[in-house]
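1. The sequence and its predicted three-dimensional model are supplied below.
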Amino acid sequence: MKRTLLLVFSLFFVLDLAFSQAKRYIFLEHFTNTRCGICAGANPGFYSLLTGYKNQYHHISFHPAIPYTSCALYQSNPVDNTQRTNFYNISGTPTLVINGLTKKSLGSVNAATLNAELNKTSAIEIIVKESGTNPRSAAIEIKTVGTKPVGNYKFYAVALEKELNYASPNGEKIHYDVFRDFLSSADGDQIDLAATGSSVTKNLSISIPSNWVESQVYIMAWIQDADTKEVLNSGTPFDIVTSATNLNGLQFTVYPNPVKEMLKLEWQNAIPVTGKISITNLMGREIYSTYLKSGSKQFQYPVAAFPKGIYFVQIQSGNEKASRKWVKD
């Protein structure tokens, strides 16, 4: 009888792992050119569209030689920009590739396009943890939370510049998630995914050149099927880990937002158990952390000395996490 119960319990445990899933981010590869007038006309509308999908997508802008080889961001890394352009047989800009499978003219991308990709899941979760400034290191965990996918998979990692201020010839002044360099092979590194419930970790580092803005540099990683080109999932340091996260029990408000002097938080319900609060900058690096007593419903911290910009505050209490973005004015 005991043996039977043990076998039944083991079977349910395996089935529970097999049917676990992680959030799948919409993976957007954006091919544009800083001398392309059509790009300058289409890109602002696309970026405006993305504001309605925060925390739902990962975005990279590659700069091919199309239509102008004199594009400065193409010239900054012509070999790798060309490699990725050829990977998808891109013949014009601006073009968007979604999850490695769908190639569309950027002007044809709308809310319906992105809505069709929302609320999808993956058996793979990618957790990117950065440390250091320059050189920058990253531990990238590829966790198999569901049934292990079977296929020919490759691991990719890149260094991106989140916001690049550059008044380009086509009139654009800010460029987002600009591809700078591959940290993996440009063709991807072969990877054997872990068994269900286990993970594989890749450790990478990069020395940031002086012509990049170090505070804007971050690392993105993804897993892609070498045969179909489908992207299973992707990860950045800004993601909220989903496999052990419940955002419902710790809902809180940040006020005022933007913040000038005092960051104030207020919870709908008291913190159930002692928890940790941490403040991170846009690059995911922790600036401040402390512990909250169980029963807490409010918290405040002086931020007048913080540089203006975007920050995140995260609360963890027991197995629950919640995160909010706030702006220092």
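-> Yep, that arrived.

2. going forward, measure contacts and count neighbours with C-alpha atoms only.
-> Fine.

3. hey, which strand is longest across the protein?
-> Counting residues, the longest strand found in the chain (DSSP state E) is strand 153-165.

4. and that strand, what other elements does it pack with?
-> Packing contacts for strand 153-165, counted by 3 or more CA pairs under 8 Å, 6 or more residues apart in numbering; DSSP states H and E, involve strand 174-182, strand 189-190, strand 217-225.

5. ok, and for that strand, which residues are buried?
-> Tyr153, Lys154, Phe155, Tyr156, Ala157, Val158, Ala159, Leu160, Glu161, Lys162, Leu164 (16 or more other CA atoms under 10 Å).

6. count of neighbours near the nearest residue to Ile279 once chain neighbours are set aside?
-> Spatial nearest neighbour of Ile279, excluding adjacent residues (CA to CA, 6 or more residues apart in numbering): Val313 at 4.5 Å. Applying other CA atoms under 10 Å, we find 20 residues neighbouring Val313.

7. need the contact list for Val313.
-> Neighbour list for Val313: Ile277, Ser278, Ile279, Thr280, Ser323, Arg324, Lys325, Trp326 [criterion: CA atoms under 8 Å, 6 or more residues apart in numbering].

8. A strand includes the third one, no?
-> Going back to what we said before, that points to Ile279. Yes: according to DSSP: H, G, I helix; E, B strand; the rest coil, Ile279 belongs to a strand.

9. host element of the residue nearest to Ile279?
-> strand 309-317 (DSSP states H and E).

10. Name the residues of the helix or strand following that strand that are buried.
-> For strand 309-317, the succeeding helix or strand toward the C-terminus, using DSSP H and E, is strand 320-328. Buried residues in strand 320-328, defined by neighbour count with 16+ other CA under 10 Å: Glu320, Lys321, Ala322, Ser323, Lys325, Trp326, Val327, Lys328.

11. tell me the secondary structure for Gly171?
-> Going by three-state DSSP: Gly171 is coil.

12. isn't it right next to Ile38, touching?
-> No: contact between Gly171 and Ile38 fails when scored by CA atoms under 8 Å: they sit 10.9 Å apart.

13. What about Gly132, how many residues nearby?
-> For Gly132, the neighbour count with other CA under 10 Å is 10.

14. my bad, should have said Met220
-> Neighbour tally, Met220, other CA under 10 Å: 26.

15. Could you double-check that it sits in contact with Phe155?
-> No: the pair Met220 / Phe155 is not scored as a contact, 10.9 Å apart, by CA under 8 Å.
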